[in-house]
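[1] Sharing a sequence plus its predicted fold:
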Amino acid sequence: MKYWIAKLALFSITILILQSANAQEIENLPNSPYGSAGDCTGKNLIINCFISEPDKEWLPEEKEAILAKQQIGIEWLKKQASYWGVSDLSFQTHNIGLKKDINVDKIEHVSNPARLKIHWATFTLHAAGYNNVYKLYDTLKKQYQVDNVVVMVFARKEGRSYAQRAFEAGVAYNKEWLLEGSVVYKSYWDSGKELCGGTIIHEMLHLYGAWDMYSSDLRSEEIQSKITYIFKNSVMIHDRNDDFKQFKVDQLTAWRIGWTKTYWPWYEMFRKDGEVKYWNTIPGTKQED
C-alpha cells in the first residue's frame, strides 16, 4: 500500500513538472466552440426551466433551493475563472416556469443518454409555449446583451442528468438545436438522493465544452485509478457535493472551456479513450502491450 501511495505521489509530481516544462506543449491549438454556448467567458445568460409531470409539480421552496445552489456554483465558477486569469465572466438568469411549472405528460428518463430520443432545450421551450426556439434565443441574447446562452432544464423526477451540446450536422437538420441545454433531475437515478449543486455546474460546463473525466469502459482499471487520484478535485469527475470548496476546474477543463490556450497531448486520452499512444506522453502511464 505504501509503495502504491508513493508511486501515485511521484506520478502527481511528474504531471506538474510536465505541465510546466515539457517541450511537447502546444500553444493556441484550435479548440473552436460551436453552438449557443461558446467559451465560458464574457457575458452569459442561463435560461432556467422548471418542468414537471401532472400532479407532481415543483414546490416553491424546491425551486428556491435549486436556484440558490446554482447561484453558489456560479460564484464559485467566477472565482475559478479569476484563478485562470479570466476576469470578464458574468452570468444573468432568465427563469421560465418559476411561478407555474412547465407541465408535460411524461418526463423521459434513460440510464444511457445515447438512447435519448428528445432534444431537451427545444422540447421544454416548446412545451412552455415558445413555438420558435431560435427566435427566442436570438431575442433573449439581444435583450440581455450577452455573448453566450445556455438552457438548464430542471426536471422534478429521479433520473440521470446530462448535457446536449450543439453539433453542425444536428443544427443543419434543425436550426433550433443551436440552443444548447442540459437536463438536471431533482434526484439521482442510482441513489435517489437529492440533487447537489456540483451536478448543476458540471452539466452546465459540458455546454461550454467540458469533457467527463469519470470511469470509461475503454480504460484499464489502473489508468482510471490514476485519473481518479490526480483529478480527484475536478468538478468533471466528482460532482455530487454541495460544498464547492471540494471542487476545482482542472487544466484540461480550463482548456476546453476557453480559459487557457495551453494544450498538452495527454488531453487526447479523454477524447479518444483506449488509444494507448496518448498515455505515453505522461511518464508512468504507459500500458503493457
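    Received, thanks.

[2] residues touching residue 34, list them.
    165, 166, 167, 168 (Cβ atoms under 8 Å, 6 or more residues apart in numbering). Using the backbone N, CA and C atoms, a C-beta is placed for each residue, glycine as well.

[3] Are there helices or strands packed against the longest strand anywhere in the chain, and which ones?
    For the chain, the strand that runs over the most residues, judged by DSSP state E, is strand 148-159. Secondary-structure packing of strand 148-159 (3 or more Cβ pairs under 8 Å, 6 or more residues apart in numbering; DSSP states H and E): strand 43-52, helix 60-83, helix 120-127, helix 133-144, strand 180-188, helix 197-207.

[4] redo that, cut-off 7 Å
    If contacts are counted by 3 or more Cβ pairs under 7 Å, 6 or more residues apart in numbering; DSSP states H and E, strand 148-159 sits against strand 43-52, helix 120-127, helix 133-144, strand 180-188, helix 197-207.

[5] so what does the first one touch, helix or strand wise?
    If you count contacts as 3+ Cβ pairs under 7 Å, 6+ apart, strand 43-52 packs onto strand 90-96, strand 102-103, helix 133-144, strand 148-159.

[6] Point out the most buried one among these.
    Comparing the helices and strands packed on strand 43-52 by mean neighbour count (mean count of other Cβ atoms under 10 Å), strand 148-159 comes out on top with a mean of 24.

[7] Give me the distance between that strand and the centre of its chain.
    Relative to its parent chain, strand 148-159 has a centroid offset of 12 Å by Cα atoms, centre = their mean, to the nearest Å.

[8] Flag the shaky bits of the stretch 101-250 of the chain, pLDDT-wise.
    By pLDDT under 70, the low-scoring segments of the stretch 101-250 of the chain are 113-114, 215-219.

[9] 80 - rerun?
    110-116, 214-224, 226 (pLDDT under 80).

[10] sorry, back to before: how about the helices and strands packed on strand 43-52, which one is nearest residue 65?
    Between residue 65 and the helices and strands packed on strand 43-52, the tightest spacing by Cβ to Cβ is seen for strand 148-159, at 10.6 Å.

[11] could I have that closest one exported to PDB, CA atoms only?
    What follows is strand 148-159 as a C-alpha-only set of coordinates in PDB (Å, rounded to 0.1, in the frame of the first residue of the first chain):
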ATOM      1  CA  ASN A 148     -23.500  33.000 -24.700                       C
ATOM      2  CA  VAL A 149     -26.800  31.400 -23.900                       C
ATOM      3  CA  VAL A 150     -27.500  28.100 -22.200                       C
ATOM      4  CA  VAL A 151     -30.600  26.300 -21.100                       C
ATOM      5  CA  MET A 152     -30.900  24.400 -17.800                       C
ATOM      6  CA  VAL A 153     -33.900  22.200 -17.600                       C
ATOM      7  CA  PHE A 154     -34.700  21.200 -14.000                       C
ATOM      8  CA  ALA A 155     -37.000  18.100 -14.100                       C
ATOM      9  CA  ARG A 156     -38.900  17.100 -11.000                       C
ATOM     10  CA  LYS A 157     -38.100  13.400 -11.300                       C
ATOM     11  CA  GLU A 158     -35.400  10.900 -10.500                       C
ATOM     12  CA  GLY A 159     -33.000  10.500 -13.400                       C
END
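
[12] Parallel or antiparallel, which strands does that strand pair with?
    Sheet pairing of strand 148-159 (DSSP bridges) gives strand 43-52 (parallel), strand 180-188 (parallel).

[13] Please convert the ones you listed to JSON lines, extending it with distance to residue 262.
    What follows is the strands paired with strand 148-159, written out as JSON lines (distance: least, Cβ to Cβ, whole Å):
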{"stretch": "strand 43-52", "distance to residue 262": "23"}
{"stretch": "strand 180-188", "distance to residue 262": "25"}
